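A.B. asks: what shape does this take:
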Amino acid sequence: MNRIFFIRVILLFTLSGCLLVDNSEKHEGYKTRMDISEKVSSEEEKNVGQKERGVVPQIPNQTSNDCSRAERKYEVIDGELLLGTEKVIGIDISSFKDINCSYYVMDKNGVYYLKKIYNKTDKNFFEAQKIENIDIKTLSIFNEYGDIAKDKNHMYQEGVIIEDADPNTFEEITPEDGYRYWKDKNHVFFMFHEDSGFLSVSIKKVKNADPSTFISIGGGYWKDKDRVYTSLIKFNHRLYVRGIKEVKNADPKTFEYVGNTMSDHGIAKDKNSYYRDGIKEDNIEFCGLIIHDNISASISISGKKEASYSAPVIDVKSLDCLHNLYYFFRDKNSVYIKEGGMLYIMKNIRPEDITEEKNSSAMLKRLDSLEREPMYGCSTKESEEDYSECIFNFAKSRKNSDICYFFRSEKDISKCLNFSGNHNAEKKYQQGLLLLQQKKFSDAEKVFSEIVEKYPEHQKAPKALNEVKKLMKKEQ
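C.D. replies: Alright, predicted model coming up:
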């Protein structure tokens, strides 16, 4: 009995020892990921001979991360190193260690960046690209994504040195509009994308940008004390480039982004001009208006630039769009709405009374509740008959047949055009006569031909056209 008990005790201790050894080996296995929080003293002494022994030196002053996420999980399966589900090549698997779950890794031979290679004919994979002369003792991962790193000498993006970047003052800025950029004490940096089938990304300096005053102003625009910048999107054959470029001749002191919706995204202005995507436009559609060279405005039907009439009452210099979708706006004098092709002035409210956030539901609710009166045009709340009569008289009084397009029916539009068109035709006819007197027969022929085509009811134009043709034949 005692002998059996003694044998059982021996077996129990033996089994416990095996379990302890097994657990110890498993615990050691977890150290294939670098414990970066570990402080290493006498680093140079520890590194001596480690390369020959296949031991990777530790990196001090960093924090260990959880690498459980599938896209950053490194594991060895069937003798191959995998990152997620994709193979990693070009690294010694037996001494491999990742750095803070990033795309920067190490083995006994050095530090690498894992560059993803897109293969059209086979599976994608990661290639370990060695980073020469990187300082291991001061190496750290800069961002959560894991593509930017730093040491005491340089900043690295995908393992490549970011030119002229100062690692001591380098920082990332992420404005509300989502267009991130970087700056240090000397420069501003921006992400440039180049795609000719395979995407290439690099962080580059923005030429002449001042880091101390460089800010995002929304809508893909930035400015500093001297210049204005906008998003660069360029296509050159198969090459697609995205980055940042300077807006030529823009005034940084008065430059502001004024667009708020998809229809007017990219619209900005300064004291001199309006811009779309960084390009000056002399006649730009904005907030239901057509702005002419930042001097005057016209009212137009959406999608019909030809149907417009001037609205000199609007002070374009102080124009401020309050709601880009419902076309509420103000200037220094009044608050307006452009509705149904007509301009209304909002009653019992001053421009400075509006404090709600632009394009907000609170602002829309307040403005929509106010009484309004037609300033140019006719009220859409009138009966069909009264509205048609008003449009007809409005076109007649302003001698502008374009206003006829604000009619609701094709019949009324045709009637209005036939009537008010005589004003435009007569004006053109006088221009043709002047050209005829100046013996500019070719130009006169074009004018009279246009009148005959567009305004067949004009009685003098056909005779004038025949006369010009006779004179042109004589000249020949």
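A.B. asks: residue 279: how many residues sit nearby?
C.D. replies: 11 (other CB atoms under 10 Å). Any C-beta I mention is one placed from the backbone N, CA and C, and that applies to glycine too.
A.B. asks: same deal with residue 128?
C.D. replies: 24.
A.B. asks: pull up the pairing partners for the strand or helix carrying it, direction included.
C.D. replies: Residue 128 is part of strand 125-130, with elements assigned from DSSP states H and E. In the sheet, strand 125-130 lines up against strand 86-89 (parallel), strand 110-117 (antiparallel) (DSSP bridges).
A.B. asks: pick the most deeply packed of those strands.
C.D. replies: strand 110-117 (a mean of 20; mean count of other CB atoms under 10 Å).
A.B. asks: for this protein, where's the lowest mean pLDDT among helices and strands?
C.D. replies: helix 50-53 (a mean of 38; mean pLDDT, DSSP states H and E).
A.B. asks: direction included, what does the next helix or strand after that one pair against?
C.D. replies: Sequence-wise, the next helix or strand downstream of helix 50-53 (DSSP H and E) is strand 74-77. Note on strand 74-77: by DSSP bridges, its sheet partners are strand 80-83 (antiparallel).
A.B. asks: avg pLDDT for the strand holding residue 128?
C.D. replies: The pLDDT scores in strand 125-130 average 94.
A.B. asks: strand partners (parallel or antiparallel) of the helix or strand just after that strand?
C.D. replies: Later in the chain than strand 125-130, the nearest helix or strand by DSSP H and E is strand 140-141. Counting by DSSP bridges, the strands paired with strand 140-141 are strand 148-150 (antiparallel).
A.B. asks: what bits of the stretch 351-476 of the chain have low per-residue confidence?
C.D. replies: 376-385, 387-388, 391-392, 394-424, 426, 457 (pLDDT under 70).
A.B. asks: just the strands from it, written as ranges.
C.D. replies: Secondary structure of the stretch 351-476 of the chain by DSSP state E, counting those that start in this stretch: the strands cover 372-376.
A.B. asks: helices of that one, residue ranges please.
C.D. replies: 361-368, 384-398, 410-437, 441-454, 461-475 (DSSP state H, counting those that start in this stretch).
A.B. asks: residues of the shortest one that come out buried?
C.D. replies: Under the neighbour-count criterion of 16 or more other CB atoms under 10 Å, helix 361-368 has 363-364, 366-367 buried.
A.B. asks: one more: the last one?
C.D. replies: Taking 16+ other CB under 10 Å as the basis for neighbour counts, the residues of helix 461-475 that come out buried are 461, 464-465, 468.
A.B. asks: just put the strands paired with strand 125-130 in a markdown table and tack on distance to residue 163.
C.D. replies: Output for the strands paired with strand 125-130, formatted as a markdown table (distance: least, CB to CB, whole Å):
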| stretch | distance to residue 163 |
| --- | --- |
| strand 86-89 | 28 |
| strand 110-117 | 17 |
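A.B. asks: can you put those in a markdown table and add distance to residue 177 and mean pLDDT?
C.D. replies: Formatted as a markdown table, those follow (distance: least, CB to CB, whole Å; pLDDT from 0 to 100):
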| stretch | distance to residue 177 | mean pLDDT |
| --- | --- | --- |
| strand 86-89 | 33 | 92 |
| strand 110-117 | 28 | 93 |
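A.B. asks: so which of the ones you listed gets nearest residue 335?
C.D. replies: strand 110-117 (54.1 Å; CB to CB).
A.B. asks: list the contacts of that closest one.
C.D. replies: 83, 86, 88, 90-91, 99, 103-106, 124-131, 134, 136, 139, 156, 158-160 (CB atoms under 8 Å, 6 or more residues apart in numbering).
A.B. asks: now which of those residues would you call buried?
C.D. replies: Members of the contacts of strand 110-117 classed as buried by 16+ other CB under 10 Å are 83, 88, 91, 99, 103-106, 125-126, 128, 131, 134, 136, 139, 156, 158-159.
A.B. asks: now the stretch 101-250 of the chain, which segments are flagged as low pLDDT?
C.D. replies: In the stretch 101-250 of the chain, residues with pLDDT under 70: 121, 195-199, 234-241.
A.B. asks: kindly recompute the last result at 80.
C.D. replies: Within the stretch 101-250 of the chain, the set of residues satisfying pLDDT under 80 comprises 119-122, 175-179, 194-200, 232-242.
A.B. asks: what's near enough to touch the nearest residue to residue 282 once chain neighbours are set aside?
C.D. replies: The shortest distance from residue 282 to any residue other than its chain neighbours is 4.6 Å, reached at residue 293 (CB to CB, 6 or more residues apart in numbering). By CB under 8 Å, 6+ apart, the residues touching residue 293 are 273, 282-283.
A.B. asks: thought residue 366 was touching residue 355?
C.D. replies: No: taking CB atoms under 8 Å as the definition, residue 366 is not a contact partner of residue 355, at 9.8 Å.
A.B. asks: any idea how far apart the tips of stretch 75-85 sit?
C.D. replies: End-to-end distance for stretch 75-85, by CA to CA, to the nearest Å: 9 Å.
A.B. asks: again, but for stretch 190-206
C.D. replies: End to end - CA to CA - stretch 190-206 spans 7 Å.
A.B. asks: likewise for stretch 153-172?
C.D. replies: 18 Å.
A.B. asks: buried stuff in it?
C.D. replies: Buried, per 16+ other CB under 10 Å, within stretch 153-172: 154-159, 162, 165, 167, 170.
A.B. asks: with stretch 269-277 instead?
C.D. replies: 269-270, 273-277.
A.B. asks: what do you get for stretch 147-154?
C.D. replies: 147-151, 154.
A.B. asks: possible to save the buried residues of stretch 153-172 as a markdown table with distance to residue 203?
C.D. replies: Formatted as a markdown table, the buried residues of stretch 153-172 follow (distance: CB to CB, whole Å):
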| residue | distance to residue 203 |
| --- | --- |
| 154 | 12 |
| 155 | 8 |
| 156 | 10 |
| 157 | 5 |
| 158 | 9 |
| 159 | 12 |
| 162 | 5 |
| 165 | 8 |
| 167 | 13 |
| 170 | 10 |
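A.B. asks: mind checking which of the residues you listed land in strands?
C.D. replies: 155-157 (DSSP state E).
A.B. asks: possible to save these as TSV with distance to residue 298?
C.D. replies: Listed next are these as TSV, based on distance: CB to CB, whole Å:
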residue	distance to residue 298
155	51
156	54
157	48
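A.B. asks: partners of the residue nearest to residue 206 when sequence neighbours are not counted in the sheet?
C.D. replies: Residue nearest to residue 206 in three dimensions, not counting chain neighbours: residue 188, with 4.4 Å by CB to CB, 6+ apart. On the basis of DSSP bridges, residue 188 is bridged to residue 183.
A.B. asks: fine, thanks again, bye for now.
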